[in-house]
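A.B. asks: turn this into a structure:
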Amino acid sequence: MRGLLLNIFGALLVLAGIGLVAMTSRSLLNYRAVASLHGGEVIDLGANSPPSGGQHGAMARVVGTPTVVEAPRDPDFNLLANTPVLVRHVEMFQWREVRVGSSVHYELDWVDHLLDAGHFEEPQGHANPASFPLSGKQFDAGLVRLGGFGLGPVLLHALPGTQRVTPDPGALPANLAASFTRYQDYLVTSARPGDPRLGDVRVSWNEVPLQQLTVVGRIDGDRLVAASDAADGKGYVVQVGDVPVLDIFPDLPVPPEYVLSWRILAVLLASLGAFALLSAQRDRHDPLLAVGLGALVVGSVASVLWLGNDTGTMCGWLALTVLGLLLTGWRLRRARGTATPSFMR
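C.D. replies: Residues are numbered from 1 along each chain as shown. Coordinates of the predicted model:
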């Protein structure tokens, strides 16, 4: 009766070890499969974490307020701003055609592109200037850091938000100071800014504000860049505030915790089960043989599960399987005079 109970107890423990390693592996494989759609498994570096060795090529979540190391500058207007991206907008006071139903009328308004009056239904008396004296432009900071990482161009241009920059007429070059004056948040060429005339020009600037951000990108040396091979076609995320990974990727399953501990426990359960099975045979009380059998069983199952998914992990389990096989063989040879247990026949 005792032998039967030990056989049942031992078999259940071995199955529990196999089930535990299978469940842990499947959970981790499922998490990695979904994470690969977004560029790969994300390392959560949190706030102000500098780069460290062994992280190259991994996806990382970094939180913090960007620091502008090399600020952008509009050289035409000598405007320098502490921002990741500075954008110049140029508008001209022009005639534009407005259609309401079958009626057409014309009005003067600020427009950021040239309107060709030749296409108007009534071009007579509504001629516009032939060209813009200036063009709109975007100026990127030379270097922007977030938590010790420089931001690549794609991430830089993905930074959210915009706010108006107040220009300083005193910083204008002499050639432009004679033409432009400040009116509200604009520089204008109007003699009477509140009453502009056809052909007047106004210039304004917008900047990306410095605020707390959560950025997920691929580590490339000391930079964060977009993962160009991500299946979702994006490979990065930029959001305002401190946003957890599972909120950023709602399709991502909860990652398994304490993976190493569960793996060790799986081997211990299988080894304890093997020891119980060996103990049911009155001539077998070999703890090392039980450990070898536990490692052999759990390692072989895990190796199959990781085959074709992660070569490094598969090789690790395969190494454990080989060690279990060697330990089992060694203990059996040491007990060459002992009968082979019935469950191994």
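A.B. asks: now the closest residue to Val188 other than its chain neighbours: how far from Val225?
C.D. replies: Nearest non-adjacent residue to Val188, counting by Cβ to Cβ, 6 or more residues apart in numbering: Arg202, 4.4 Å away. Any C-beta I mention is one placed from the backbone N, CA and C, and that applies to glycine too. Using Cβ to Cβ, to the nearest Å, Arg202 is found at 37 Å from Val225.
A.B. asks: looking at those two, which is more packed in?
C.D. replies: Between Arg202 and Val225, Arg202 has the larger neighbour count (other Cβ atoms under 10 Å), namely 22 against 19.
A.B. asks: so that one, which of the three states?
C.D. replies: Of the three states, Arg202 takes strand according to DSSP: H, G, I helix; E, B strand; the rest coil.
A.B. asks: quick one: residues contacting it.
C.D. replies: Val90, Glu91, Phe93, Trp110, Tyr183, Tyr186, Leu187, Val188, Thr189, Ser190, Pro196 (Cβ atoms under 8 Å, 6 or more residues apart in numbering).
A.B. asks: out of those residues, name the ones that lie in helices.
C.D. replies: Among these, none falls in helices (DSSP state H).
A.B. asks: output stretch 186-193 as CSV, nothing but the C-alphas.
C.D. replies: The C-alpha trace of stretch 186-193 is given here as CSV (Å, rounded to 0.1, in the frame of the first residue of the first chain):
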residue,chain,number,x,y,z
TYR,A,186,3.9,87.9,-34.8
LEU,A,187,6.5,89.8,-36.7
VAL,A,188,4.7,91.7,-39.5
THR,A,189,5.7,94.0,-42.4
SER,A,190,2.5,96.0,-42.1
ALA,A,191,2.9,99.8,-41.6
ARG,A,192,-0.3,99.5,-39.6
PRO,A,193,-0.4,96.0,-38.0
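A.B. asks: who's in contact with that stretch?
C.D. replies: Contacts of stretch 186-193 (Cβ under 8 Å, 6+ apart): 77, 93, 167, 169, 172, 179-183, 196-197, 200-204.
A.B. asks: show the buried residues in those residues.
C.D. replies: Buried members of the contacts of stretch 186-193, counted by 16 or more other Cβ atoms under 10 Å: Phe77, Phe93, Pro167, Leu172, Phe180, Pro196, Asp200, Val201, Arg202, Val203, Ser204.
A.B. asks: what does the pLDDT read for the last one?
C.D. replies: Ser204 is assigned a predicted lDDT (pLDDT) of 97.
A.B. asks: separation between it and Ala174?
C.D. replies: Taking Cβ to Cβ, one finds Ser204 at 21 Å from Ala174.
A.B. asks: same question for the third one.
C.D. replies: Relative to Ala174, Pro167 is positioned 16 Å away (Cβ to Cβ).
A.B. asks: go on, the second one?
C.D. replies: Per Cβ to Cβ, Phe93 is found 25 Å from Ala174.
A.B. asks: and the pLDDT for the spatially closest residue to Pro167 that is not a sequence neighbour?
C.D. replies: In this structure, Pro167 finds its nearest non-sequential neighbour in Leu187, 5.3 Å apart by Cβ to Cβ, 6+ apart. Note on Leu187: pLDDT of 96.
A.B. asks: bridging residues for Leu187?
C.D. replies: Using DSSP bridges, the bridge partners assigned to Leu187 are Arg182, Val203.
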